[in-house]
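Visitor: Take this sequence and fold it.
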Amino acid sequence: MTHFAPWTDYYPFVDAAARRSIEDYVRPLAVGLDTVTNYGDVQRMVSAAGAIADGLAGIDRDLVFLLGVFSGQERWVSRMGHRSRTETFLASLGVPARTVRALFRGLERFETAPSTPEEEVVHDAVLLEAMGAYGVARGLADAYRERLDILEMADAIEKAAAAPLRTAPGERLAAPRRALMQSFARSLREEHAQFDRAAK
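Guide: Now for the predicted structure:
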């Protein structure tokens, strides 16, 4: 299984002071929006985006970093007042206005219709976080909350495993995760069928 390095290895342009400022700004958003997400999830996703971007040329690392950090907070930052607050905050860190504009455009579309290489990178990073053993664990937690039965869970796992990625590095990272999920879903169905037969 691939282990992603800390985000500082992928984003050396973000100095320690800027990282602390970004963490202080985003941490309460990551926890407060759905009461489930934690900031560790944000860090993992940003590191995954960095790993994908490492395999691509001509990527704007500043934009990838910002898209990754703010992914999951789209609803909050798009609300009246919060966008201007975020723009002011980023400007205070020296982020160029064109990068901030690209950030807000990207947050609106990177999950469903990524239109730039940077958006594709973060799109794939989000999908990677829903794959593999980590993705199965999180998916099963969601499935229990939604009261899905075993076969519905197997279907959901296979659907997540089949999600198409947009970049070649993302696909390479996804391959072992897909295989694990497909194997898990297959075993889940087989064991469910075995118990059903035993009960008859």
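Visitor: C-alpha only now, for contacts and for neighbours.
Guide: Fine.
Visitor: Looking at this protein, which helix is longest?
Guide: Ranked by residue count under DSSP state H, the longest helix found in the chain is helix 168-199.
Visitor: What residues sit buried inside that one?
Guide: Residues of helix 168-199 classed as buried by neighbour count (16 or more other CA atoms under 10 Å): 169-171, 173-174, 177-182, 184-186, 188-189.
Visitor: repeat for stretch 139-155
Guide: Of the residues in stretch 139-155, those with enough neighbours to count as buried (16+ other CA under 10 Å) are 139, 140, 143, 150, 153, 154.
Visitor: now do stretch 59-67
Guide: Buried residues in stretch 59-67, counting neighbours by 16+ other CA under 10 Å, are found at 61, 62, 63, 64, 65, 66, 67.
Visitor: dump the residue contacts of the residue most central in space within the chain.
Guide: Centroid check for the chain by CA atoms, centre = their mean gives residue 126 as the closest residue, at 2.4 Å. The neighbours of residue 126, taking CA atoms under 8 Å, 6 or more residues apart in numbering as the test, are 45, 111.
Visitor: next one: the one 10 residues further on
Guide: The contact partners of residue 136, taken as CA under 8 Å, 6+ apart, are 130, 157, 181.
Visitor: what helix or strand is it on?
Guide: When elements are defined using DSSP states H and E, residue 136 is found to belong to helix 132-145.
Visitor: so after that helix, what's the next helix or strand?
Guide: Helices and strands here follow DSSP H and E; after helix 132-145, the next one along the chain is helix 150-161.
Visitor: just to revisit the earlier point, C-alpha coordinates for the helix holding residue 136, PDB please?
Guide: Coordinates of the C-alpha atoms in helix 132-145 are reproduced here as PDB (Å, rounded to 0.1, in the frame of the first residue of the first chain):
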ATOM      1  CA  GLY A 132      -8.800   0.800  -0.500                       C
ATOM      2  CA  ALA A 133      -9.100  -0.400   3.100                       C
ATOM      3  CA  TYR A 134      -9.500   3.200   4.300                       C
ATOM      4  CA  GLY A 135     -12.300   3.800   1.900                       C
ATOM      5  CA  VAL A 136     -14.000   0.500   2.800                       C
ATOM      6  CA  ALA A 137     -13.900   1.400   6.500                       C
ATOM      7  CA  ARG A 138     -15.400   4.900   5.900                       C
ATOM      8  CA  GLY A 139     -17.900   3.500   3.500                       C
ATOM      9  CA  LEU A 140     -19.200   0.900   5.900                       C
ATOM     10  CA  ALA A 141     -19.500   3.500   8.600                       C
ATOM     11  CA  ASP A 142     -21.700   5.600   6.200                       C
ATOM     12  CA  ALA A 143     -23.600   2.500   5.200                       C
ATOM     13  CA  TYR A 144     -24.500   1.700   8.800                       C
ATOM     14  CA  ARG A 145     -25.800   5.200   9.300                       C
END
